[in-house]
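Trainee: take a look and give me a structure for this.
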Amino acid sequence: MDTLADFARTDSEYLDVLIVGAGLSGIGAAWHLQDTCPGRSYAIVEARESSGGTWDLFRYPGIRSDSDMYTLGYSFRPWKDAKAIADGPAILSYIREVASDHGIDARIRYGHRVVAARWSTPDARWTVEIEQGPEKRKTRVTCGFLWMCSGYYDYAAGYTPEFPGVERFKGRIVHPQKWTEDIDYKNKKVVVIGSGATAVTLVPAMAPEAAHVTMLQRSPTYVVARPAEDSIANRLRRRLPIGLAYGLTRWKNVLLGMYFYQLCKRRPDRAKAMILKGVRYFLGSDYDVEKHFTPRYNPWDQRLCLVPDADLFRAIRARQVSVVTDQIETFTETGIRLKSGSALEADLVVTATGLALQLLGGMTVEVDGKIINPADTLAYKGMMYSDVPNFAVVSGYTNASWTLKADLVCEYVCRLLNHMQKNGLRQCTPRLDDPDMERLPWVDFSSGYIQRAVDKFPKQGARRPWRLHQNYAMDLMSLRYGSLRDKAMVFSR
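Mentor: Next up, the predicted model:
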């Protein structure tokens, strides 16, 4: 294996900033960098052959946002479509338009997968090893600041439990992350395993063409119906300048989201009653809401599932869709046998069983020859790692739209870069100022995809700036307006 000295001796291109990932976060980071730090040299490296990240990867029927586009959209780019709950192609087009309109697409290097990054304090720079193209040709780039915008999903594969008897099944089994155009469900019996955001999107989207769709869940999830269009936003847009209308709608939705989240945490029984009342309204009093839509946990202990225009509930009422709450005993030649003894016939089984998490796109990180295990670090303001210099990671909220936090992180990083340039500083490093501080899990969330990987992620501390609040208003004050200098952030020349 190459040593740090080998990397330092290798001639390579130097950039002020290297952005990793050309999805929603990476394009946003590039815009902020161009707008706030003009003159900085930068590039975006993207492992895949196209931009858009999540919104280019997922192609399953009905793919859409589960957040409104007035908060999932960028703060600097108004969302102009009538639908607030947008489909995947519309979101992808929005991201790519931003990249094209601002010349960001010309800075993207496709087929460039970052596999290692090594920091040298004497040189005050990162040397980044990249595998390029299908042949994995190795190239290197050095940079003053490394900005990770690769998200935390494993793009190679989703999560699928081991089901007994899958080899016996004569139909097709597919994970939504691997959806291809040749998958035929017209007039077919379909079983979708799962009840999360992907399942509640897939099921009503497939229902009109399938013979029947069954959503098979081990346990229920909270499902909330919401209009696909924001009537207030549409009225404001007709009467006010587009930027003002967008800003007002964004704040309206932020505040409503924060209010409902706090209600769920402080008065969970009341929030639960409100959600279930809505389900009963759409499904009728004779439907077994207690069995199929009443989870064992409190609202927002896991992410709520959003169904625009109550499409899932309408498909159930139309008898196009059935919900079965049971556990799988085994696959059979013709479908699935359940532990209750009943059987589900299927031509196609879709395993909407979740995503696998992968930190930093799977790359390794070294600081002055020492391998950094992210699980041993603390997250500074939810965006930098303790003892890792000139390094930021964009990660969105679990209880609100991803981009709300991503925009704030981008603003902070640009403030940081400008502060360093103005004061002749070359290195900024978060250092834990209290070695006895309690270490807590990266995020307090009981969802399976989080719990399966939470031990691999950085920890959070018991107080600021190491505490992850999942609160937009608090982060706004800290990241946009808070001082760049505190006891934890160490600058040097």
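Trainee: the lengthiest helix in the chain packs against which elements?
Mentor: Longest helix in the chain, counting residues (DSSP state H): helix 242-266. Judged by 3 or more C-beta pairs under 8 Å, 6 or more residues apart in numbering; DSSP states H and E, helix 242-266 is in contact with helix 69-72, helix 231-239, helix 268-283, helix 472-475. C-beta: built from backbone N, CA, C; applies to glycine.
Trainee: looking at these, which is buried most?
Mentor: Greatest average neighbour count among the helices and strands packed on helix 242-266 goes to helix 69-72 (a mean of 24), per mean count of other C-beta atoms under 10 Å.
Trainee: next one: that helix to chain centre, how far?
Mentor: Averaging C-alpha positions (C-alpha atoms, centre = their mean, to the nearest Å) puts helix 69-72 14 Å from its chain's average.
Trainee: rounded mean pLDDT for that helix, please.
Mentor: Averaging pLDDT along helix 69-72 yields 95.
Trainee: so what does it touch, helix or strand wise?
Mentor: Counting contacts by 3+ C-beta pairs under 8 Å, 6+ apart, helix 69-72 packs against helix 88-101, helix 242-266, helix 402-422.
Trainee: re the thing from before, list the buried residues for the longest helix of the chain?
Mentor: By neighbour count with 16 or more other C-beta atoms under 10 Å, helix 242-266 contains the buried residues 245-250, 252-254, 257, 260-261, 264.
Trainee: repeat for stretch 373-380
Mentor: For stretch 373-380, a neighbour-count test (16+ other C-beta under 10 Å) marks 374, 377-380 as buried.
Trainee: avg pLDDT for that stretch?
Mentor: Averaging pLDDT along stretch 373-380 gives 92.
Trainee: okay, residue 450: pLDDT?
Mentor: 69.
Trainee: then residue 357?
Mentor: So, for residue 357, pLDDT stands at 84.
Trainee: which one is residue 374 nearest to, not counting chain neighbours?
Mentor: Leaving out its chain neighbours, the residue that sits closest to residue 374 by C-beta to C-beta, 6 or more residues apart in numbering is residue 458, at 5.1 Å.
Trainee: wait, the one you found touches residue 378, no?
Mentor: Yes: using C-beta atoms under 8 Å, residue 458 makes contact with residue 378 at a distance of 6.1 Å.
Trainee: any shared contact partners between the two?
Mentor: Shared contacts of residue 458 and residue 378 (C-beta atoms under 8 Å, 6 or more residues apart in numbering): 385-386.
Trainee: now mean pLDDT and distance to residue 13 too, for the helices and strands packed on helix 69-72, in CSV please.
Mentor: As requested, those are exported to CSV (pLDDT from 0 to 100; distance: least, C-beta to C-beta, whole Å):
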stretch, mean pLDDT, distance to residue 13
helix 88-101, 97, 21
helix 242-266, 94, 37
helix 402-422, 95, 19
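Trainee: turn those helices into JSON lines, including distance to residue 215.
Mentor: Formatted as JSON lines, the helices and strands packed on helix 69-72 follow (distance: least, C-beta to C-beta, whole Å):
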{"stretch": "helix 88-101", "distance to residue 215": "20"}
{"stretch": "helix 242-266", "distance to residue 215": "24"}
{"stretch": "helix 402-422", "distance to residue 215": "25"}
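Trainee: figure out which of these is closest to residue 78.
Mentor: In terms of C-beta to C-beta, the element of the helices and strands packed on helix 69-72 nearest to residue 78 is helix 242-266, at 3.6 Å.
Trainee: list the contacts of residue 467.
Mentor: For residue 467, the contact set (C-beta under 8 Å, 6+ apart) comprises 460-461.
Trainee: what pLDDT does it get?
Mentor: Residue 467 is assigned a predicted lDDT (pLDDT) of 87.
Trainee: got it, and residue 345?
Mentor: Reading off the model, residue 345 has pLDDT 96.
Trainee: how about residue 271?
Mentor: Here, the pLDDT recorded for residue 271 equals 95.
Trainee: average model confidence for the strand or helix carrying residue 28?
Mentor: For residue 28, the host element (DSSP states H and E) is helix 24-36. Regarding helix 24-36, the rounded mean pLDDT is 97.
Trainee: and the helices in the stretch 301-450 of the chain, which stretches?
Mentor: Ranges of helices in the stretch 301-450 of the chain, per DSSP state H, counting those that start in this stretch, are 311-317, 402-422, 448-451.
Trainee: format those as JSON lines; extra columns: distance to residue 45.
Mentor: JSON lines is the format used below for these (distance: least, C-beta to C-beta, whole Å):
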{"stretch": "helix 311-317", "distance to residue 45": "38"}
{"stretch": "helix 402-422", "distance to residue 45": "17"}
{"stretch": "helix 448-451", "distance to residue 45": "26"}
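Trainee: closest one to residue 154 among the ones you listed?
Mentor: The minimum distance between residue 154 and those falls on helix 448-451, with 10.3 Å, by C-beta to C-beta.
Trainee: need the contact list for residue 253.
Mentor: Counting by C-beta under 8 Å, 6+ apart, residue 253 makes contact with 68, 70-71, 230.
Trainee: hang on, residue 117 in a strand?
Mentor: Yes: using DSSP: H, G, I helix; E, B strand; the rest coil, the assignment for residue 117 is a strand.
Trainee: spit out the contact partners of it.
Mentor: Residues near residue 117 by C-beta under 8 Å, 6+ apart: 126-129, 146, 363-366.
Trainee: counting neighbours, which of these comes out on top?
Mentor: Of all those, residue 146 has the most neighbours under the rule other C-beta atoms under 10 Å, reaching 26 neighbours.
Trainee: so which of the helices of the stretch 301-450 of the chain is nearest residue 153?
Mentor: Closest approach to residue 153 among the helices of the stretch 301-450 of the chain (C-beta to C-beta): helix 448-451, 8.7 Å.
Trainee: just for the stretch 1-150 of the chain, where's the confidence low?
Mentor: Applying pLDDT under 70 to the stretch 1-150 of the chain flags residues 1-11.
Trainee: show me where it has its strands.
Mentor: For the stretch 1-150 of the chain, the strands defined by DSSP state E, counting those that start in this stretch occupy 13-20, 42-46, 108-110, 112-120, 125-132, 137-148.
Trainee: for the third one, which helices and strands make contact with it?
Mentor: Taking 3+ C-beta pairs under 8 Å, 6+ apart as contact, the helices and strands that strand 108-110 lies on are strand 42-46.
Trainee: now what about the strand it packs on, what contacts it?
Mentor: With contact meaning C-beta under 8 Å, 6+ apart, strand 42-46 is reached by 15-22, 26-27, 30, 33, 104, 107-114, 128, 130, 141.
Trainee: ok, back up a step: in CSV, list the contacts of residue 117 along with distance to residue 300.
Mentor: Compiled in CSV, the contacts of residue 117 are given as follows (distance: C-beta to C-beta, whole Å):
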residue, distance to residue 300
126, 37
127, 42
128, 38
129, 40
146, 33
363, 32
364, 35
365, 32
366, 38
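Trainee: residues contacting residue 437?
Mentor: For residue 437, the contact set (C-beta under 8 Å, 6+ apart) comprises 378, 461-463, 466.
Trainee: which among the residues you listed end up buried?
Mentor: 378, 461, 466.
Trainee: which strand residues bridge residue 113?
Mentor: According to DSSP bridges, the residues that bridge with residue 113 are residue 131.
Trainee: would you check that it makes contact with residue 130?
Mentor: Yes: counting by C-beta under 8 Å, residue 113 touches residue 130, with 6.5 Å between them.
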